[in-house]
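[1] Quick one, fold the following:
(one chain, ligands or ions: 1)
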Amino acid sequence: MSAPTGTGPQDPGQDPGRSPVPPFDLVLFGATGDLAGRKLFPALLHRDAEGVLPEGSRIHAAGRGHIDDDAFRRSLEPGLVNVGADRATLDRFLRKIDYFSVDFDDPASITGLAKALEGSDRTRAFYLSVAPGYFARACTLLGESGLATPQSRIVVEKPIGHDLASATEIMDAIGKVFTEKQTYRIDHYLGKETVQNLLVLRFANTLFGKLWSNADIDHVQITVAEEVGLESRAGYYEGAGALRDMVQNHLLQLLCLVAMEPPNTLGADAIRDEKLRVLKALRPIAAADVLSRTVRGQYRRGSVNGQPVKGYEDELGRESQIETFVAIKAEIDTWRWAGVPFYLRTGKRMAEKFSEIVITFRPVPHSIFASLGSDGELSPNRLIIRLQPDDGVKFITMAKIPGSGRLRLRETELDLRFGQAFIDRSPDAYERLLTDVLRGQQTLFMRRDEVEAAWAFIDPITAGWAERYPAPHRYAAGQNGPAQAIALIERDGRSWFEPQDLGRSEG
Ligand code: BG6
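    Numbering: from 1, shown residues only. The predicted model follows:
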């Protein structure tokens, strides 16, 4: 079967992701929380509107508060307007939802939920959208009450612990009740369309497969820049910081997808085995290296998008040494990647929100255009994988500037924007992840050993920081981190590739 060709919008045909999932009971703990309201219920409504959630399926919302079904359903409505479902679709969705007040410390409080699940042979999934401190108690209660059947699934969100020891403890507690095959650890970056597309780009195209190593790649940059600041998450963020909040999971997962060897199938374990190998090959960053291979930053006041914004400590109301920005020079000790640095950076209150992977290729071995002087200067080829916003792929190549005069070269872009290339709406990460749980597909979820290996890379960095780098460098909100982040990469004779660098030479 051949794929559609041409450059116009493509109708991808019947999407198997749109076929209904098996009838289910989804129990959503933390249903009155921020994530549930902002992401989970809208994602479920989208899928219901597409006909993916079959009749007879139930969404059991659970929270600590006491509220009746109707009041809970009404409380969801304002958060669902952006989905754009018509009234009949919205009402049909809301009818699937009921609400139970559950306190993990009070076994009697689970009775109502237990009755609702009694006798059901539908797929059963428990989603813990609660702080990780509750994971163990929740699992114990589900085990002891008999609600956790051998077929049921548990879904947990990052952060899983704050270091390897605490992550192990939490995963042990979950593991007493649920097996690995029943456990779905979410890193929502894996649900993003372009992140999955990275696998397709790498393993469905001969071109990139052949070029994907230190023979042709000079270095890799992974940036996840955010405009938002603390966002009333002080309690969590002060205990985490950017390294634990973003690098341990999202950035390392992206690094794995760029660096992994081709898996032999699309199977969950085939892919996760290869990601694990990358995590284990990361060269440890010891205390002696933290000053040369990492940068910590914290935003002070400044302006983002022309709007004045407070500094981190002003938002927090006290002094803090937590980092809101991290840059790391990571190295992977394998034959494929020896000598190719992976520069990672992420931060809050940066100039603009964008997530991007930039692969910079080596220069041609000999330029026949050198005699043209500045007209013949060559920039390296770069592959830019834009995760958000405007997801797509650009390939920066050299081209001749049209004209009959002297030969002049310039960078130009092969530009594939998914929003233009495909007519389908790009679903939110949670839409895919929630239905993957219900279909029993674990590929896009982190396996226990991956989480452990990621912490094993992070822990020496936090220990090194405590010893040698206790205070983050400050940067003004609206800048892409402190000056030391620029120095980190410029010491190697390279520089960060910023979005405004695209089309620079066209101006
Ligand atoms: C979360 C982090 O995992 O990812 C947040 O806890 C961060 O601090 C968020 O803002 C970013 O996600 P996205 O999808 O907006 O890039």
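
[2] Mind telling me which residue of the chain is nearest the ligand?
    The ligand sits closest to residue 245 of the chain, with a gap of 4.8 Å, by Cβ to the nearest ligand atom. Backbone N, C-alpha and C define where each C-beta goes, glycine included.

[3] helix, strand or coil for that residue?
    Three-state assignment for residue 245 (DSSP: H, G, I helix; E, B strand; the rest coil): helix.

[4] tell me the phi and psi of the nearest residue in space to residue 350 that is not next to it in sequence?
    Setting aside the residues directly before and after it, residue 350 is nearest to residue 225 in space (Cβ to Cβ, 6 or more residues apart in numbering), at 4.0 Å. Dihedral pair for residue 225: phi -100, psi 140, per degrees, to the nearest 10.

[5] And for residue 225, the neighbour number?
    21 (other Cβ atoms under 10 Å).

[6] got it, and residue 393?
    20.

[7] Work out for me the element it sits within.
    Assigned by DSSP states H and E, residue 393 belongs to strand 392-400.

[8] what lines up beside that strand in the sheet?
    Its sheet considered, strand 392-400 pairs with strand 382-388 (antiparallel), strand 409-417 (antiparallel) by DSSP bridges.

[9] tell me which residues in that strand are buried?
    The neighbour-count check on strand 392-400 (16 or more other Cβ atoms under 10 Å) flags 392, 393, 394, 395, 396, 398 as buried.

[10] now, the most widely separated pair of these?
    Based on Cβ to Cβ, the longest span within the buried residues of strand 392-400 runs between 392 and 398 and measures 20.6 Å.

[11] isn't residue 290 right next to residue 465, touching?
    Yes: assessed by Cβ atoms under 8 Å, residue 290 is found in contact with residue 465 at 5.8 Å.

[12] Report the set of residues contacting both of those two.
    Common contact partners of residue 290 and residue 465 (Cβ atoms under 8 Å, 6 or more residues apart in numbering): none.

[13] do you know how far the residue of the chain closest to the ligand is from residue 323?
    10 Å (Cβ to Cβ, to the nearest Å).

[14] Residue 206 too?
    41 Å.

[15] out of those two, which sits in the more crowded spot?
    residue 323 (27 against 7).

[16] Which pLDDT value belongs to the spatially closest residue to the more buried one that is not a sequence neighbour?
    Leaving aside its sequence neighbours, residue 323 sits nearest to residue 296 (Cβ to Cβ, 6+ apart; 4.0 Å). At residue 296, the model reports a pLDDT of 98.

[17] Would you agree the residue nearest to residue 350 is in contact with residue 480?
    Yes: because the distance of 6.6 Å satisfies Cβ under 8 Å, residue 225 is recorded as touching residue 480.

[18] what is in contact with the two at once?
    Shared contacts of residue 225 and residue 480, counting by Cβ under 8 Å, 6+ apart, come down to 345, 347, 350, 351.

[19] where does the protein dip in pLDDT?
    1-17, 418-424, 503-507 (pLDDT under 70).

[20] centroid residue for it?
    residue 189 (1.9 Å; Cα atoms, centre = their mean).

[21] Just the strands from the stretch 1-150 of the chain, written as ranges.
    24-29, 58-63, 97-101, 123-128 (DSSP state E, counting those that start in this stretch).

[22] Among the ones you listed, single out whichever gets nearest to residue 440.
    Closest approach to residue 440 among the strands of the stretch 1-150 of the chain (Cβ to Cβ): strand 123-128, 7.7 Å.

[23] ok, the closest one: who's next to it in the sheet?
    In the sheet, strand 123-128 lines up with strand 24-29 (parallel), strand 153-157 (parallel) (DSSP bridges).

[24] Mind giving me the packing neighbours of the longest helix that the chain contains?
    Secondary structure of the chain per DSSP state H: the longest helix is helix 448-468. Judged by 3 or more Cβ pairs under 8 Å, 6 or more residues apart in numbering; DSSP states H and E, helix 448-468 is in contact with helix 164-175, strand 183-186, helix 252-259, helix 268-281, helix 290-293, strand 294-300.

[25] now it, how far from the centre of its chain.
    For helix 448-468, the separation from the chain centroid amounts to 19 Å (computed by Cα atoms, centre = their mean, to the nearest Å).

[26] Please apply the same query to stretch 112-132.
    The answer for stretch 112-132 is 26 Å, by Cα atoms, centre = their mean.

[27] That one and the ligand, any residue contact?
    No: judged by Cβ under 6 Å from any ligand atom, stretch 112-132 stays clear of the ligand, getting no closer than 12.2 Å.

[28] buried residues in that stretch?
    113, 117, 122, 123, 124, 125, 126, 127, 128, 129, 130, 132.

[29] Pick the one among those residues closest to residue 157.
    For the buried residues of stretch 112-132, the nearest to residue 157 is residue 129 (6.3 Å; Cβ to Cβ).

[30] quick one, phi/psi of the closest one?
    The phi/psi pair for residue 129 (degrees, to the nearest 10) is phi -90, psi 60.
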